[in-house]
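[1] Show me the folded form of this:
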Amino acid sequence: MHHKTKPRAGALLSWYDRHHRELPWRISPAAAKGGATPDPYHIWMSEVMLQQTTVAAVKAYFAKFISRWPTVTDLARAPNEDVMAAWAGLGYYARARNLKKCAEAVALEGNFLTRKMASAPFPASATIHLPPWLPSPSTDRQP
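    Okay, here's the model as predicted:
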């Protein structure tokens, strides 16, 4: 009888270090080992863009948004028309409207990670749970 053994966390992390995809919103395993931490704004932006959209399609839009609006405050200050025009082609335009509203709320409150992002609860929880330096439970469901 063949028994499968459960993979150990170290083996899984080692595999990821060797085979991970380079994505503009992630930091590399080497950078993480060097003490770099992910940018919560980048994580949040990618999570909103990736809803119902492929990674391949999002990469260029993500780069354009981050280049044009490098901080959540920059995005909050942007005219709605500019954000909607930059979003053109990604579809599901409610995401762009909610992204802008949420950026405005975060900029007003002044604390990205603790702001309750009611307009986009799943990306907000993903943003809060992904940074490994924050002690918090994980979630894998949409509320």
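[2] for this protein, which spans come out with low pLDDT?
    Along the chain, segments meeting pLDDT under 70 span 1-7, 111-143.
[3] What segments of it are helices?
    Taking DSSP state H as the criterion, the chain contains helices spanning 9-19, 29-33, 40-50, 55-68, 72-77, 80-87, 94-109, 121-129.
[4] tell me the most buried of those?
    Neighbour counts (mean count of other Cβ atoms under 10 Å) averaged over each of these peak at helix 40-50, with a mean of 22. The way it works is simple: take the backbone N, C-alpha and C, and place the C-beta from them, glycine included.
[5] now the angle between helix 80-87 and that one, please.
    70 degrees (axes from the mean of the first three to the mean of the last three Cα atoms, to 10 degrees).
[6] now for helix 40-50, which elements pack on it?
    The elements that helix 40-50 packs onto, with contact taken as 3 or more Cβ pairs under 8 Å, 6 or more residues apart in numbering; DSSP states H and E, are helix 55-68, helix 94-109, helix 121-129.
[7] Nearest the geometric middle of this protein, what residue?
    Centroid-nearest residue in the chain: Ile43, 2.1 Å away (criterion: Cα atoms, centre = their mean).
[8] Tell me the spacing between that one and Pro24.
    11 Å (Cβ to Cβ, to the nearest Å).
[9] Pull the contacting residues for Ala96.
    Contacts for Ala96 (Cβ atoms under 8 Å, 6 or more residues apart in numbering) come out as Val83, Met84, Trp87, Leu90.
[10] go again using 7 Å as the cut-off
    Val83, Met84, Trp87 (Cβ atoms under 7 Å, 6 or more residues apart in numbering).
[11] do Leu13 as well
    Leu13 touches nothing, counting by Cβ under 7 Å, 6+ apart.
[12] cool, and the one 10 residues further on?
    Leu23 sits next to Val55 when contact means Cβ under 7 Å, 6+ apart.
[13] make it 8 Å
    Ser46, Val55, Lys59.
[14] Kindly provide the distance from the nearest residue to Val58 once chain neighbours are set aside to Ile43.
    Of all residues not flanking Val58 in the chain, Met49 sits nearest, at 4.5 Å (Cβ to Cβ, 6 or more residues apart in numbering). For Met49, the distance to Ile43 (Cβ to Cβ) stands at 11 Å.
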